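In: only geometry, no sequence info:
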């Protein structure tokens, strides 16, 4: 009797082992399609890496030959752009792009940061309900609509007030300032809201007023995020094309005043691409290379700022 | 100093501080007012000027000048430039093709990043490049599309070249918004499903993706908005052919490109207003829809 139970026990344990093996095998089999799917998903995620690589390679591949032929310094330090005479200097456009973007940052940054303070700290609830969707909408409006609005409204106003036709650096600055507002407001607001409550409470407890607390405690604590928003806004402004073309006047010259007509790098590419060929076309690709390098540097700076924010 | 003078100077100090606060507060209100005013001004002006120009004729006429008679006349080809119906069709065409390419890729990428990836250099590189893609200006996308799709792959100015370019452009938008949606799905869902013996794949397909659907729809609608509004990248890849397209290798002018073209060449200010207001209405509807969906979605899980 005892022997028998021992036998069955042995048998049972053996079948159990077989069962376990079977289950493990089944699991392994089940895992194979999962692995394949995971690999496919990874492939999709890797497409953004691939895209950045391919974009970089092709922009440089088509642009660098012209830079070599013209000479890097002749290209970025000469101010005359006469494609028909073989003169390709984009200094005036680089300057126009930079001044235009800095002007936009000066105005849009100020208004945007103050608006974000308003949204995060001051606005009553019923206004927030209006402001939030409005700023989302501001971000969603196509750049060409901004450009068109500036063309039919801002440009005539500038013409009335200051003369000179109205197509000017000032018009570029105004339209870019409005366009970068949502970028600056959204990111600044998030970073202001991320400041710990205790900072504010401590400052208020020490007798500072709400406004003093905002400017002496909260904004300094949120400064990395605000800086990031400004850098991002700058990148947007440098890269903006269609809105700028419609209002900048498109004359290649180094502006003496903000009422001068200018042409930015982006406008240069978009304006002449449709009919350019040969070295002229390559010079436009080369303008793209310079623009792309600009944007990459800005992105890099942004990444450094954001990383520092992460550490703090 | 006597007590009195101290008290006086303290009072003066306080009133000074109060004055300063008032001025700064006023400036803050002023800046926020400018932000809202510029939006209202822009929309009101274009819609006010554009709506009188709009008529069903204008919207539903194609270039042949004849009224739309079902679909037989959609593909008319006369350059009278009377209606914008074919540009609306072109826009829809490009939107559908771009989304068909980019949505599966973007959603899969987001699923990988949220559900599968482990922190490490590979994921960092993917995230960094996604950020970079989002930062590249549309004109660079346009140049890239022109170089690669239009000239090197001989697609010419075509819907295909435009859609391929745009689908790369909206990839970061889709990835980010889908990631947010997936993050919103509570971990208890995953744990529960795994504990019941479902594999990871089944958990994702049957549980996580369905719960994240509203967020994913938001992601898609957001990118539709970007595609509809995009000009620079489409201008150099899909071109500005006047007619409604017959196939994916035809050149197609979208609404935005049409507005740009009209405004740039000064062809017709009335038509520009009309096209602009149609564009604005589309964008406003898109924004409104995303808002409603995402509100419902966040309510569900918080």
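Out: Everything's here; your move. What you see is a predicted model, and the numbers here were worked out from it, not measured in a lab.
In: Residue in chain A with the shortest distance to chain B?
Out: When scored by CB to the nearest CB, chain A has residue A:239 as its residue closest to chain B, at 2.4 Å. (Each C-beta comes from the backbone N, C-alpha and C, glycine too.)
In: What number of residues are in the vicinity of that residue?
Out: Close neighbours of residue A:239, defined as other CB atoms under 10 Å in any protein chain shown, add up to 25.
In: for residue B:45, same thing?
Out: A total of 16 residues lie near residue B:45 under the criterion other CB under 10 Å.
In: and the closest residue to it other than its chain neighbours, backbone torsions?
Out: With sequence-adjacent residues excluded and distances taken as CB to CB, 6 or more residues apart in numbering or on different chains, residue B:45 is closest to residue A:153, at 6.2 Å. With angles defined as degrees, to the nearest 10, residue A:153 sits at phi -120, psi -60.
In: With residue B:209 as the reference, measure out to residue A:153.
Out: 46 Å (CB to CB, to the nearest Å).
In: give me every residue that touches the residue of the stretch 151-300 of chain B found nearest chain A.
Out: Distance from chain A to each residue of the stretch 151-300 of chain B (CB to the nearest CB) is smallest for residue B:229, at 2.9 Å. Contacts were defined as CB atoms under 8 Å, 6 or more residues apart in numbering or on different chains; by that measure residue B:229 touches A:140-145, B:256, B:279, B:283.
In: Out of the residues you listed, the closest to residue A:200 would be?
Out: Nearest to residue A:200 among those is residue A:140, at 32.2 Å by CB to CB.
In: Find the closest residue to chain A in the stretch 101-250 of chain B.
Out: Checked against chain A (CB to the nearest CB), the nearest residue in the stretch 101-250 of chain B is residue B:137, 2.4 Å away.
In: which residues touch stretch A:196-211?
Out: A:121, A:212-213, A:216-218, A:221, B:17-18, B:20-21, B:24-25.
In: Quick check: end-to-end length of it?
Out: Across stretch A:196-211, the terminal residues are separated by 17 Å (CA to CA, to the nearest Å).
In: Look up how far residue A:55 lies from residue B:141.
Out: Distance from residue B:141 to residue A:55, by CB to CB: 8 Å.
In: Now for these two: what residues contact both?
Out: Both residue B:141 and residue A:55 are contacted by residue B:168, under the criterion CB under 8 Å, 6+ apart.
In: quick one: which of residue A:153 and residue B:209 has more around it?
Out: Using other CB under 10 Å as the criterion, residue A:153 and residue B:209 rank with residue B:209 on top: 18 against 15.
In: ok, now which ones touch that one?
Out: Applying CB under 8 Å, 6+ apart as the definition, the contact partners of residue B:209 turn out to be B:111, B:216.
In: can you tell me if the host helix or strand of residue A:179 touches chain B.
Out: Here residue A:179, judged by DSSP states H and E, is contained in helix A:169-193. Yes - for helix A:169-193, a contact with chain B is found by CB under 8 Å from any CB of the partner chain, at A:178, A:181, A:185.
In: Among those, which one has the most neighbours?
Out: residue A:185 (29 neighbours).
In: Isn't that one up against residue B:36?
Out: No - between residue A:185 and residue B:36 no contact is recorded; they are 11.1 Å apart, counting by CB atoms under 8 Å.
In: Between the two ends of stretch A:138-154, how far is it?
Out: End-to-end distance for stretch A:138-154, by CA to CA: 17 Å.
In: Show the average pLDDT along it.
Out: The average pLDDT for stretch A:138-154 rounds to 93.
In: coming back round to it: what's the most distant pair in the contacts of stretch A:196-211?
Out: Taking every pair in the contacts of stretch A:196-211 and measuring CB to CB, the maximum separation is 24.2 Å, between A:221 and B:18.
In: okay, the two: which has more neighbours?
Out: residue A:221 (17 against 12).
In: Now do the same contact list for the residue of the stretch 101-250 of chain B closest to chain A.
Out: The contact partners of residue B:137, by CB under 8 Å, 6+ apart, come to A:235-236, A:238-241, A:266, A:291, A:295, B:232.
In: Next: residue A:219.
Out: Residues touching residue A:219, when contacts are defined by CB under 8 Å, 6+ apart, comprise A:113, A:117, A:192, A:226.
In: Next, give phi and psi for it.
Out: Per-residue torsions, residue A:219: phi -60, psi -50 (degrees, to the nearest 10).
In: now it: how far from residue B:24?
Out: Going from residue A:219 to residue B:24 by CB to CB gives 12 Å.
In: likewise residue A:180?
Out: With the distance defined as CB to CB, residue A:180 ends up 23 Å from residue B:24.
In: ditto for residue B:225
Out: Residue B:225 sits 36 Å away from residue B:24, taking CB to CB as the criterion.
In: These two: who's more crowded?
Out: The residue with more neighbours, out of residue B:225 and residue B:24, is residue B:225; 24 against 17, by other CB under 10 Å.
In: that older thread, including distance to residue A:276, pLDDT and secondary structure, could the contacts of residue B:137 go into a markdown table?
Out: Converted to a markdown table, the contacts of residue B:137 look like this (distance: CB to CB, whole Å; pLDDT from 0 to 100; DSSP: H, G, I helix; E, B strand; the rest coil):
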| residue | distance to residue A:276 | pLDDT | secondary structure |
| --- | --- | --- | --- |
| A:235 | 26 | 92 | helix |
| A:236 | 26 | 92 | helix |
| A:238 | 22 | 93 | helix |
| A:239 | 20 | 92 | helix |
| A:240 | 21 | 92 | coil |
| A:241 | 16 | 91 | coil |
| A:266 | 15 | 93 | helix |
| A:291 | 16 | 93 | helix |
| A:295 | 22 | 92 | helix |
| B:232 | 16 | 90 | helix |
